[in-house]
Each structure stands twice: as C-alpha cells, then as structure tokens.
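A.B. asks: the following comprises the amino acid sequence and a computationally predicted model.
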Amino acid sequence: MKQMQKGFTLIELMIVVAIIGILAAVAIPQYQDYVTRTKLSGVATYAAPLKTALAEYAQENAGTFTALTADPWTTLGLSSAPAPTGNVTAVSVTAATGAIVLTIGGIGAPYDTTTVTMTPTATNTSVTWANTCTLTGNANMLKVFGCP
C-alpha cells in the first residue's frame, strides 16, 4: 500500500522560514523609518500654535515682526514660553524676525540636538515659512520639515 504524507517536508519548512526572514529584513527598517517620521511630525505639530500666533501678530502689525521684543511671549499674547513636550527639548522665538527655533531630543541619533529654524516672511495678507535644519541631507528631515 502507498503511504500518505502526513505533514510538511523539511525543505518546505525551510522555504517558508527563508521567505519570512526576507520579509522581516525589509519590513523592520521601514517600520523604524515610519516611527522616526512620526516623532518628527510631532515636532512640526508643536510649532503650529506658535506659527498661528506669529501670523496673527504680523497681520496686526502691518506685516512686520520688528516690534517683537526680547521676550516675545507676552507680545504674542502668551503668558510664557510653551513648555517643551514630547520630542521638543527647547523652543525660542527670535526677536525682530519672528523665527521659531526648536531643538529636537528623545528621538535618537542623528536627530537629538538638531535644531529646526522656521523663519516667517510676512506681508499684509499672508505669512510664508522657510525651514532650515542643522541636520542636512537627511531624508526624514526633508520629508517632514522641507529643509534644504
């Protein structure tokens, strides 16, 4: 009588393990890239209320930031500097230019201690932002902040 096969052969199991290994080798770095971009997006989101306050300030001051003082928080209608949270370790607004400077931390190398400077250009009707980063040529920074 013919004997019936009752399971997988060793070769079949080895092929399945090899396929899973190849998929994992591709998926894990992609996942880490997405996690990093998500953390960097949180930094960009942190700046959104400050951008709104600066745009409103520019609109009320004929499209200029020259009257911003060395302590711009009260000038912008905020009681104090917003507390750094998440992956933002320090935040400042430059007097007279309105540039927002954020220092990144808690993400890991090479991002920690990187600064992102968001510089506004204001007219009577609009504000546009130009971003520069101290970490250049990094794909995640370029995607999230549009740094040159």
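C.D. replies: Thanks, I have it.
A.B. asks: ok, now which ones touch residue 31?
C.D. replies: Listed by Cβ atoms under 8 Å, 6 or more residues apart in numbering, residue 31 has no contact partners. Using the backbone N, CA and C atoms, a C-beta is placed for each residue, glycine as well.
A.B. asks: in which helix or strand would I find the residue sitting nearest the centre point of the chain?
C.D. replies: Of all residues in the chain, the one closest to the mean position by Cα atoms, centre = their mean is residue 40, 2.3 Å from it. In this structure, residue 40 sits in helix 10-46 according to DSSP states H and E.
A.B. asks: who are the packing partners of the very next helix or strand once past that helix?
C.D. replies: Downstream of helix 10-46, the next assigned helix or strand under DSSP H and E is helix 48-60. In terms of contacts (3 or more Cβ pairs under 8 Å, 6 or more residues apart in numbering; DSSP states H and E), helix 48-60 is packed against strand 88-93, strand 100-104, strand 115-122, strand 127-133.
A.B. asks: before we move on, the earlier item: distance of the residue nearest to the centre of the chain relative to residue 50?
C.D. replies: Separation of residue 40 from residue 50 (Cβ to Cβ, to the nearest Å): 17 Å.
A.B. asks: next one: residue 56
C.D. replies: From residue 56 to residue 50 the distance is 11 Å (Cβ to Cβ).
A.B. asks: more neighbours: the two, which one.
C.D. replies: residue 50 (21 against 13; other Cβ atoms under 10 Å).
A.B. asks: out of everything not next to it in sequence, what's closest to that one?
C.D. replies: Leaving aside its sequence neighbours, residue 50 sits nearest to residue 100 (Cβ to Cβ, 6 or more residues apart in numbering; 5.3 Å).
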